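Enquirer: no sequence on hand, only this structure:
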């Protein structure tokens, strides 16, 4: 009875989907030909129902063109690229489908089942062809590794030709069954006899695939024919992939990242982005950046009747490696209330948004999008940044940061932007800074000392020289200032915070270069850092007010998790593993570091440390991702420790919902320990859970 209801339910899904598409097709008849072609023949398998409805409601061609541009943009895996890899791949698949699965003359291959699956899923990993066999219709079996989180990791698609001249049709274990694959009248409409004919003609593998499209599912070929309902659920998922919740989740994330209105196209200058890099007392690097508007925008401050003035902004940062590999995305909510006096001053100043990004050594690309939630106007800046590696001399300088009041505020946990050695500085700029004529220039930076080199020069001072010169000067003598610092004040990681307030009173308006050099007394080789300095007239308005987001819980664990993600994206597997392990020890209730560490260790082939993850306290306390548990279980098995698998899964099965995969893993582990009775019980549970799904 349950299977019959399931069949009815699946059939109903197909009917509803067909009815929705038919209704949309009727409305599309009123579209101009090229837009009707785009909707019904180009993107019909990838556009979701809400997008289709929106497109059909548009009344002008410019509106349709704008919609189509946005449609492809939110699907672009690299929004900053001049090309759209998703769009290019889609049209390649469409062209291939029309060329290979239909009539080339009329370009109708997209209409076929094979064309549909190829366009949605791409090329299969393997194709098995059975053109002629006794008593069996021509067939093709495509094997896939899942291109979507909504689908199983591996699956088959079976196509068969109903009669000569017809295109291949997609096979359903429930709706078709082996009887549709067999041409012999002997087994007419008899699924069991048809299954036996398949076995004799093409072997057990093909017969098994006719029962289930999911590898690894157990099939009794000698018993009664029992189609695998989960295969038809998968086929239904493929048909409705554009509206699947996981697909929609990704599109919504893309839309959120692209939430930039046409206001950014008004010609206003893009904001400036400058950054500094500091290290904490454990050697972890954090990049802080300042995104500063070039114009004054009173609209950043809103008013609520009877309440204090407010500001409400969102700063979204996406981080990729220099070659485009995603690292992570971060959202900082910048919101607060101001007094009337503070609001009055803020409306006369530029604005700067601050953020801190824990990273590993390497080169990255940041895309910072600042959205004013009060009027939904947004602006964006893309910039390449570097988290520098230490110099071979054992002495390095961090990027220079110019700061303003309030400055030097204690930050005991080092969790705020532009915080160095547990002191927070209010940034004015980094790579480029602007000051008024006659103003002083306060600078802060860290000296990064290699512990071994610092020990060798323990009794020496570090000599610093500050040089100010015009960028285009040819004969003028650059101004210089010198000082010495004692390296004994460095922290445990070799960081020494220092700074200097430069006297720029003699500089006339213009562009200058500020260069800081550092060397040991006995080592002539000097390391340098520099910034560009713009001196403007004393009457110019250059002041800015800044805001930054709140501190997240378990900030140290989150920081090291992000550093691990950055190191992994940069290809530094060992460094990434170190950061993940550190994050795991700092935030013992968040499973993300455990999951990423397990996946990385499996990728690196490090079985021993992977198996040891089973001893993490978290494994006995919270539900861990099944994929992670299976990786650890495999490592324990390779190390000859099936009892460890049983112990780990015993706990996790109680913390999680029913899972056929975990039950099967538990059954195998029990079998390996000699507990066959318990192994049998878990295999029964696995089969029961699988049939329910």
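Expert: Cool, the structure landed. Please read these numbers as outputs of a predicted model, since none were measured by experiment.
Enquirer: which residues outside the helix or strand hosting residue 649 are in contact with it?
Expert: According to DSSP states H and E, residue 649 maps onto helix 642-655. With contact meaning Cβ atoms under 8 Å, 6 or more residues apart in numbering, helix 642-655 is reached by 611, 614, 619-620, 622-624, 629, 632-633, 636-637, 659, 662-663, 665-666, 668-670, 672-673, 675. Any C-beta I mention is one placed from the backbone N, CA and C, and that applies to glycine too.
Enquirer: take those residues and keep only those in helices.
Expert: Applying DSSP state H to these, the entries found in helices are 611, 629, 632-633, 636-637, 662-663, 665-666, 668-670, 672-673.
Enquirer: and these, which are buried?
Expert: For the ones in helices among the contacts of helix 642-655, a burial check counting by 16 or more other Cβ atoms under 10 Å picks out 611, 629, 632-633, 636-637, 662-663, 665-666, 668-670, 672.
Enquirer: dihedrals phi and psi, residue 207?
Expert: Backbone torsions of residue 207, given as degrees, to the nearest 10, read phi -60, psi -40.
Enquirer: list the residues that contact it.
Expert: 178, 195, 198-199, 221 are the contacts of residue 207 under Cβ under 8 Å, 6+ apart.
Enquirer: got the residues you listed as CSV, with secondary structure, distance to residue 493 and neighbour count columns?
Expert: Below are the contacts of residue 207 laid out as CSV (DSSP: H, G, I helix; E, B strand; the rest coil; distance: Cβ to Cβ, whole Å; neighbours: other Cβ atoms under 10 Å):
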residue, secondary structure, distance to residue 493, neighbour count
178, helix, 67, 26
195, helix, 68, 26
198, helix, 67, 26
199, helix, 67, 18
221, coil, 64, 15
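Enquirer: farthest pair within the residues you listed?
Expert: 178 and 221 (10.4 Å; Cβ to Cβ).
Enquirer: okay, and the common contacts of the two?
Expert: Taking Cβ under 8 Å, 6+ apart as the contact rule, residue 178 and residue 221 both touch 195, 207, 211.
Enquirer: dump those residues into CSV; add distance to residue 680 as well.
Expert: As requested, those are arranged in CSV below (distance: Cβ to Cβ, whole Å):
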residue, distance to residue 680
195, 26
207, 26
211, 23
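Enquirer: between those, which is closest to residue 126?
Expert: Using Cβ to Cβ, residue 207 is the member of those that lies nearest residue 126, at 18.1 Å.
Enquirer: gap between that closest one and residue 145?
Expert: Noted for residue 207: a distance of 23 Å to residue 145, by Cβ to Cβ, to the nearest Å.
Enquirer: which regions of the stretch 501-650 of the chain sit below the pLDDT cut-off?
Expert: Within the stretch 501-650 of the chain, not a single segment meets pLDDT under 70.
Enquirer: for stretch 321-332, measure first residue to last.
Expert: Start-to-end span of stretch 321-332 (Cα to Cα, to the nearest Å) is 21 Å.
Enquirer: what's the average pLDDT for that stretch?
Expert: Stretch 321-332 shows a mean pLDDT of 90 in the predicted model.
Enquirer: cool, stretch 92-108 as well?
Expert: For stretch 92-108, the mean per-residue pLDDT is 83.
Enquirer: end-to-end on it?
Expert: From its first residue to its last, stretch 92-108 covers 15 Å (Cα to Cα).
Enquirer: check which residues of that stretch are buried.
Expert: For stretch 92-108, by 16+ other Cβ under 10 Å, it's 93-94, 96-98, 101-102, 108.
Enquirer: now those as a markdown table including secondary structure and distance to residue 281?
Expert: Formatted as a markdown table, the buried residues of stretch 92-108 follow (DSSP: H, G, I helix; E, B strand; the rest coil; distance: Cβ to Cβ, whole Å):
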| residue | secondary structure | distance to residue 281 |
| --- | --- | --- |
| 93 | helix | 53 |
| 94 | helix | 56 |
| 96 | helix | 57 |
| 97 | helix | 59 |
| 98 | helix | 62 |
| 101 | coil | 63 |
| 102 | coil | 66 |
| 108 | coil | 67 |
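Enquirer: for this structure, give me the ranges with low pLDDT.
Expert: For the chain, applying pLDDT under 70 flags the ranges 1-28, 80, 104-107, 253, 255-268, 471-477, 690-693.
Enquirer: most distant residue from the centre of it?
Expert: Most distant from the centre of the chain: residue 186, at 55.3 Å, with distances by Cα atoms, centre = their mean.
Enquirer: so the nearest residue to that residue once chain neighbours are set aside is in which element?
Expert: Closest residue in space to residue 186, ignoring its immediate chain neighbours: residue 193 at 6.9 Å, by Cβ to Cβ, 6 or more residues apart in numbering. Using DSSP H and E, residue 193 maps to helix 191-202.
Enquirer: how far is that helix from where the chain is centred?
Expert: With Cα atoms, centre = their mean, to the nearest Å as the basis, helix 191-202 stands 46 Å off its chain's centre.
Enquirer: and stretch 294-305, by the same measure?
Expert: 33 Å.
Enquirer: count the neighbours of residue 288 for me.
Expert: Neighbour count of residue 288, defined by other Cβ atoms under 10 Å: 25.
Enquirer: same question, residue 346
Expert: The local packing of residue 346 (other Cβ under 10 Å) involves 22 other residues.
Enquirer: likewise residue 597?
Expert: Using other Cβ under 10 Å, residue 597 has 25 neighbouring residues.
Enquirer: could you find the closest non-adjacent residue to residue 141?
Expert: Once flanking residues are discounted, residue 141 sits nearest to residue 128: 4.4 Å by Cβ to Cβ, 6+ apart.
Enquirer: wait, isn't the residue farthest from the centre of the chain in contact with residue 200?
Expert: No - contact criterion Cβ atoms under 8 Å: residue 186 and residue 200 do not qualify, at 11.8 Å.
Enquirer: so what's in contact with those two at the same time?
Expert: With Cβ under 8 Å, 6+ apart, residue 186 and residue 200 have no common neighbours.
Enquirer: that older thread, just say helix, strand or coil for the residue farthest from the centre of the chain.
Expert: Assigned with DSSP: H, G, I helix; E, B strand; the rest coil, residue 186 falls in the helix class.
Enquirer: helix or strand: which one has residue 144?
Expert: strand 139-145.
Enquirer: next secondary structure after that strand?
Expert: Sequence order places strand 154-160 as the next helix or strand after strand 139-145, per DSSP H and E.
Enquirer: that following strand pairs with which strands?
Expert: Here strand 154-160 has these sheet partners by DSSP bridges: strand 139-145 (antiparallel), strand 169-170 (antiparallel).
Enquirer: residues near the residue lying closest to residue 490 once chain neighbours are set aside, how many?
Expert: In space, and not counting its chain neighbours, residue 490 is closest to residue 496: 4.3 Å by Cβ to Cβ, 6+ apart. For residue 496, the neighbour count with other Cβ under 10 Å is 20.
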